[in-house]
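**Student:** whatever this is, show me its structure:
(chains A, B, C and D)
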There are 2 protein chains.
Amino acid sequence: MARKTGSHAEITGPKIREAALHLFAQHGYAAVSMRQIAAEVGVQAGALYAYIDDKQALLFHLLESHMEHLLESWRAESATSEPLARLESFTRFHIRYHLDRPDEVFISYMELRNLSPENFAELEALRRRYEGELERILQEGSAAGLFTIADARVATMGLIAMLTGVSTWFRETGRLGRADIEEIYWEMTRRAVGVA
Amino acid sequence: MARKTGSHAEITGPKIREAALHLFAQHGYAAVSMRQIAAEVGVQAGALYAYIDDKQALLFHLLESHMEHLLESWRAESATSEPLARLESFTRFHIRYHLDRPDEVFISYMELRNLSPENFAELEALRRRYEGELERILQEGSAAGLFTIADARVATMGLIAMLTGVSTWFRETGRLGRADIEEIYWEMTRRAVGVA
DNA sequence: TCTTGAATTGAACGCTCGTTCAATGGAATG
DNA sequence: CATTCCATTGAACGAGCGTTCAATTCAAGA
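**Tutor:** Model (predicted):
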């Protein structure tokens, strides 16, 4: 047998990315074999290479499109309002987005070191752009006398780490719902920048 | 040739753990081969098995002793004083400890999923105990009316994520020194729990 | 219905993996 | 100096790795 009944590039392509995303998140890039990905898709390992150049490119494109989609989504939601409202908007967006995509978030932080140097550099740039969005809010709020922040860059890194961390422990079936989490984290964020 | 000149168990044993720690942190557990570790130590791969049961046990013992040492160190430093001072003490301790051991910290957060279920459970328990130390401070401070916290557990997770995150971006040669970082993070922590 | 081309198979490539173990040579003891 | 013991070698094991490609079969357009 060769071509399978009902086989289509538009179906198999996305399926490969989904399977890879899920498996990479679960076991780690290095621990997942092309044969495992293929099995999840329902094809033989060789078939994957009609869709990807190699394993490395598969990982890179997953991370790249995650970061690009993150940036696009934020820019679509971000309105040009005053700093405090923008900070609240960013905080809630970040939490929501990260809770919605635990696999993408996980591999974006875990698998950076498995990228080739060039791919790593490109992803770093995207990550910095996203961090820059928050940093700019903090700087503008600071300049306007609304926030009291010793260092915008450090505050950015601290807040992003805190907010992103939610995806490592939050469980949909847990004691608190998403709305509760959003509220608590927003309060902590607001206070951290010196707004009572 | 067999036994090498100057070979000693007390030397090779620690060397293996050091090499593994460093390589796991750099490339990830799954991406590092026993032959790579052996090469770093300066022996053949087979020699490692005089010191460890298998690769999995090597990882586990690295993570286990890191967590145990972290707990011991905190308990040695932690005095029974009032909550705000304890919180400050914890904050500064956590930052200092994590900046001092970037490799241990890295693999402790990255390689949990490469542990067998039993080993994972044991490490989770240690991690929870450490988190519990902070959570208790927050609860006591809350009960004493010193802190204003919506949920001690969520605040714990948020603060630990923020504080631990410092080790992902801090560079010894950077713009700010350790003392600066400690100060800024302590201010953010203090504010986050509602202490002006 | 026939033809063309796209999607997939399955075998094969050369390598590397974690792990075992008999053999061996240096260290330690007396 | 002889002996014992310990640390290590180096080859070997079977398995799995990422990747390639000729062969094959199904889908789709004429």
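**Student:** need the helices for chain A, in chain order.
**Tutor:** Using DSSP state H, the helices of chain A run over A:9-27, A:34-41, A:55-77, A:83-100, A:102-110, A:117-143, A:152-169, A:178-192.
**Student:** and chain A, which residues reach DNA strand D?
**Tutor:** A:1-8, A:32-36, A:45-46, A:48-49, A:54-56 (Cβ under 7 Å from any atom of the strand). Glycine gets a C-beta too; all of them are placed from N, C-alpha and C.
**Student:** could you turn the buried ones of those residues into a PyMOL selection?
**Tutor:** A single PyMOL command selects the buried members of those (16 or more other Cβ atoms under 10 Å in any protein chain shown):
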select buried, chain A and resi 32+34+48+55
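**Student:** what sits closest to residue A:34 if chain neighbours are left out?
**Tutor:** The shortest distance from residue A:34 to any non-neighbouring residue, by Cβ to Cβ, 6 or more residues apart in numbering or on different chains, is to residue A:45 (4.8 Å).
**Student:** picking up where we left off before, show me which of the residues of chain A next to DNA strand D neighbour DNA strand C.
**Tutor:** A:1, A:2, A:3, A:4, A:7, A:8, A:45, A:46.
**Student:** give me phi/psi at the third one?
**Tutor:** Dihedral pair for residue A:3: phi -70, psi 140, per degrees, to the nearest 10.
**Student:** gap between it and chain B?
**Tutor:** 34 Å (Cβ to the nearest Cβ, to the nearest Å).
**Student:** likewise for the fifth one?
**Tutor:** Computed with Cβ to the nearest Cβ, the distance linking residue A:7 and chain B is 32 Å.
**Student:** quick one: pLDDT of that residue?
**Tutor:** You'll see residue A:7 listed with a pLDDT of 80.
**Student:** need the contact list for the residue of chain A found nearest DNA strand C.
**Tutor:** At 2.2 Å from DNA strand C, residue A:46 is the closest residue in chain A, using Cβ to the nearest atom of the strand. Taking Cβ atoms under 8 Å, 6 or more residues apart in numbering or on different chains, we find residue A:46 in contact with no residue.
**Student:** could I get the pLDDT score of the residue in chain A positioned nearest to DNA strand D?
**Tutor:** Closest to DNA strand D within chain A is residue A:2: 2.2 Å, counting by Cβ to the nearest atom of the strand. Looking at residue A:2, its pLDDT stands at 75.
**Student:** contact distance from chain B - what residues of chain A qualify?
**Tutor:** Applying Cβ under 8 Å from any Cβ of the partner chain, we find that chain A lies next to chain B at A:26-31, A:110, A:113-114, A:150-151, A:153-155, A:157-162, A:164-166, A:168-169, A:175-176, A:180-181, A:183-185, A:187-188, A:191-192, A:194, A:196.
**Student:** list only buried entries from these.
**Tutor:** Here, 16+ other Cβ under 10 Å leaves A:28-31, A:110, A:114, A:151, A:153-155, A:157-162, A:164-166, A:169, A:176, A:181, A:183-185, A:187-188, A:191-192, A:194 buried among the residues of chain A next to chain B.
**Student:** roughly how far apart are the residue nearest to residue A:151 when sequence neighbours are not counted and residue B:169?
**Tutor:** Using Cβ to Cβ, 6+ apart and skipping residues adjacent in sequence, the residue nearest residue A:151 is residue B:184, 5.6 Å away. Relative to residue B:169, residue B:184 is positioned 13 Å away (Cβ to Cβ, to the nearest Å).
**Student:** remind me which residues of chain A are low pLDDT?
**Tutor:** A:1 (pLDDT under 70).
**Student:** per the record, what domains does it have?
**Tutor:** What automatic domain parsing lists as the domains of chain A is A:1-52, A:55-192.
**Student:** identify, out of these, the most deeply packed stretch.
**Tutor:** domain A:55-192 (a mean of 17; mean count of other Cβ atoms under 10 Å in any protein chain shown).
**Student:** residue contacts, residue A:133?
**Tutor:** Residue A:133 neighbours (Cβ under 8 Å, 6+ apart): A:71, A:74, A:78, A:90.
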